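1. okay, sequence plus prediction incoming.
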Amino acid sequence: MPSVSSRMKYLARKSGSVEYVADLARAGSYVGCDQVGFEDLVSSPRLAEMIARLCEMGLEDHILLSHDQATVSDFGFAFASICRDFEHNPMIGDYSKVFTLMPGLLQQQGVTQAQIDK
């Protein structure tokens, strides 16, 4: 099985289609849903809708959730002093949103606890 990972927010924004993302998952890709809680490209409620649709298709084993909170952009340029700008960088914040925000949003969309626990 291929171990290709695709970023769902990027693909959904570019293609406008959850079906496109589902086709990638059906082909064996793992769909990475990162930036949970970062509302710039695709809101968390919209991301939950897309994930629920994939779960309805039986593709929950191909979905990976992450917060994407500890990125290079958080820390500045390589070899620079680590100076995290918590006030101005919206990516830095609550590292627990994958666990505190998404389960409730997914359940509102009909995703079961068993699917979430996978």
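-> Received, thanks. Numbering: from 1, shown residues only.
2. which SSE is immediately downstream of the helix or strand G32 falls within?
-> Secondary structure from DSSP states H and E places G32 in strand 30-33. The helix or strand immediately downstream of strand 30-33 is helix 44-56, counting by DSSP H and E.
3. so what does that next one touch, helix or strand wise?
-> If you count contacts as 3 or more C-beta pairs under 8 Å, 6 or more residues apart in numbering; DSSP states H and E, helix 44-56 packs onto helix 8-15, helix 18-26, strand 30-33, strand 63-65, helix 102-108. Every residue, glycine included, has its C-beta placed from N, CA and C.
4. helices and strands of the protein: which one bottoms out on pLDDT?
-> One helix or strand of the chain scores below all others by mean pLDDT, DSSP states H and E: helix 72-75, with a mean of 53.
5. let's see stretch 98-109 as PDB, backbone CA atoms only.
-> The C-alpha coordinates for stretch 98-109 follow below in PDB (Å, rounded to 0.1, in the frame of the first residue of the first chain):
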ATOM      1  CA  VAL A  98      -7.000  18.200  17.900                       C
ATOM      2  CA  PHE A  99      -8.300  16.700  21.100                       C
ATOM      3  CA  THR A 100     -10.500  19.500  22.500                       C
ATOM      4  CA  LEU A 101     -12.100  21.000  19.400                       C
ATOM      5  CA  MET A 102     -12.300  18.300  16.700                       C
ATOM      6  CA  PRO A 103     -14.000  15.400  18.500                       C
ATOM      7  CA  GLY A 104     -17.100  17.600  19.300                       C
ATOM      8  CA  LEU A 105     -17.200  19.000  15.700                       C
ATOM      9  CA  LEU A 106     -16.900  15.500  14.300                       C
ATOM     10  CA  GLN A 107     -19.600  14.100  16.500                       C
ATOM     11  CA  GLN A 108     -21.900  17.000  15.400                       C
ATOM     12  CA  GLN A 109     -21.300  15.700  11.900                       C
END
